[in-house]
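A.B. asks: based on what follows, work out the 3D shape:
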Amino acid sequence: MRFSDFFQVSNFPYAGKFLPKLYNGIHKLKNIFLQLVCVFLKKPLLSISLLVFLYVFCCRVLSMGFLSFFENGLLTMRKEDILNVAPRVLTDRQREEYFERGFLTITDIVSEAWVEKLQSTSQKFLRASASVKESGDTYDLGPNHTNIKPHVRRLKALVDRDPIFWDFARSIPADIAADLVGPDVKFHSSKLNYKWPGAGELVKWHQDIPAWPHTNYSLVTLGVYLEDITEDNGPLVCIPGSQLGPIFSHMDDANQWIGSISTEDLLKVELADGIKTVGGAGTVVAINCRTIHGSGSNESQKVRSLPLYVYSSADAFPWMAQPTPTSKTGHIVRGAPAKLAHLDASYCPVPPDWEKVGYNSIFASQDPTKLEHS
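C.D. replies: Predicted structure coming up:
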């Protein structure tokens, strides 16, 4: 509970004990203030400087509201700290756009050589999936999967599948992450999603952070385009500015995880403002963990593959079991480990205990015909 909420609770049971101490504290502050007045009367210049400072401070607090001054002030300071560090690969304007909109499309950032390596490795695993009959630690399989015609919805824990995926995670994506979360960067997780032609892999509106909450909201997901992403093959759609809004529950009325925002809550979101993040092969889309996003069906004739890499600032720490851990989760890929944790002031819904109930993929979570935890 935040300090301001503390005083808004009705019938506060300890008021009889707490309020006398509060009054005593105020009385002591009054005496200190009177002593300071005596000092300042002897030093007029110091007195004037203090009055000017107090005037500016009070105007700032009153214009924002007492609580929002401290909450938003901390968040603004964090953003400014990041922007004050010289960027590695992005422009200042790109970084400002990311903080303003909650996402950023970066074209021509991944080399053709890397795109070819990732494509060929992805195809290798698609071929190998022909011998797999059910979802497990490596694959999330779709309902139409057969040994003749594989239907892989997700390649899990990507960096544990092939060294190439981990090598890539420590290359250009880590530099992008450093420009968006700060110079000290921690690797969180990775996967490769496949969107097959048809309506099977439609992804409903959701935010990422409710599934893996952390002490702050620096986390960013980087999606890497291995082929041209057009309006036809189900591009990611992001709601600009939604990272500044509420974090919605992704549970149903029965308190079961569904991996999407409820119809009722979506009425509070300007979905018509959604922007499709199209781009050619080698494009990277960066999405803040609070940003509302989703994707439509793939109306083309080819599968759309999308590796997703998640990073955080080094001072962000999970406070629940994570749904998709890897052997590399927590590795510092840029800068140094944190000596202090950065705690954000806002609320976040509590997800299921993934260590107890398990997790497959967002496709399984949002599939109305199959319970995620059955």
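A.B. asks: which strand residues bridge residue 306?
C.D. replies: On the basis of DSSP bridges, residue 306 is bridged to residue 193.
A.B. asks: I'd say it and residue 224 touch.
C.D. replies: Yes: using Cβ atoms under 8 Å, residue 306 is in contact with residue 224, at 7.1 Å. Bear in mind the C-beta positions are built from the backbone N, C-alpha and C, glycine included.
A.B. asks: so who does the spatially most central residue of the chain touch?
C.D. replies: Note on the chain: the residue nearest the mean C-alpha position is residue 289, at 1.5 Å, using Cα atoms, centre = their mean. Residue 289 makes contacts with 207, 208, 209, 214, 217, 218, 219, 220, 221, 243, as judged by Cβ atoms under 8 Å, 6 or more residues apart in numbering.
A.B. asks: how many other residues sit next to the closest residue in space to residue 213 that isn't next to it in sequence?
C.D. replies: Nearest residue to residue 213, sequence neighbours excluded (Cβ to Cβ, 6 or more residues apart in numbering): residue 348, at 4.7 Å. Other residues within reach of residue 348, judged by other Cβ atoms under 10 Å, total 18.
A.B. asks: helix/strand/coil for residue 348?
C.D. replies: coil (DSSP: H, G, I helix; E, B strand; the rest coil).
A.B. asks: helix/strand/coil for residue 98?
C.D. replies: helix.
A.B. asks: going forward, the N-terminal residue is numbered 33.
C.D. replies: Sure thing, new numbering starts at 33, so read that last one as residue 130.
A.B. asks: ok, it to residue 342 distance?
C.D. replies: Per Cβ to Cβ, to the nearest Å, residue 130 is found 15 Å from residue 342.
A.B. asks: ditto for residue 264
C.D. replies: According to Cβ to Cβ, residue 264 stands 27 Å off from residue 342.
A.B. asks: neighbour count for the two, which is higher?
C.D. replies: residue 342 (25 against 17).
A.B. asks: need the pLDDT of the nearest residue to the more buried one once chain neighbours are set aside.
C.D. replies: In this structure, residue 342 finds its nearest non-sequential neighbour in residue 220, 4.0 Å apart by Cβ to Cβ, 6+ apart. Note on residue 220: pLDDT of 98.
A.B. asks: surely residue 220 and residue 363 touch.
C.D. replies: No: judged on Cβ under 8 Å, residue 220 makes no contact with residue 363 at a distance of 9.5 Å.
A.B. asks: so which of those two has more stuff around it?
C.D. replies: Shown here are residue 220 and residue 363; by other Cβ under 10 Å, residue 220 has more neighbours (26 against 16).
A.B. asks: now the helix or strand hosting the more buried one: buried residues?
C.D. replies: In this structure, residue 220 sits in strand 217-227 according to DSSP states H and E. Across strand 217-227, burial judged by 16 or more other Cβ atoms under 10 Å covers 217, 218, 219, 220, 221, 222, 223, 224, 225, 226, 227.
A.B. asks: helices or strands up against that strand?
C.D. replies: In terms of contacts (3 or more Cβ pairs under 8 Å, 6 or more residues apart in numbering; DSSP states H and E), strand 217-227 is packed against helix 144-160, strand 184-187, helix 195-201, helix 204-213, strand 336-345, strand 364-366.
A.B. asks: closest to residue 329 out of these?
C.D. replies: When the helices and strands packed on strand 217-227 are compared by Cβ to Cβ, strand 336-345 sits nearest residue 329, at 10.4 Å.
A.B. asks: tilt between that closest one and helix 144-160?
C.D. replies: Compare the direction of strand 336-345 with that of helix 144-160 by axes from the mean of the first three to the mean of the last three Cα atoms, to 10 degrees and you get 110 degrees.
A.B. asks: show the average pLDDT along strand 336-345.
C.D. replies: Here strand 336-345 scores 97 as its mean pLDDT.
A.B. asks: now do it against helix 204-213, angle only.
C.D. replies: Calculated by the same axes, to 10 degrees, strand 336-345 forms an angle of 50 degrees with helix 204-213.
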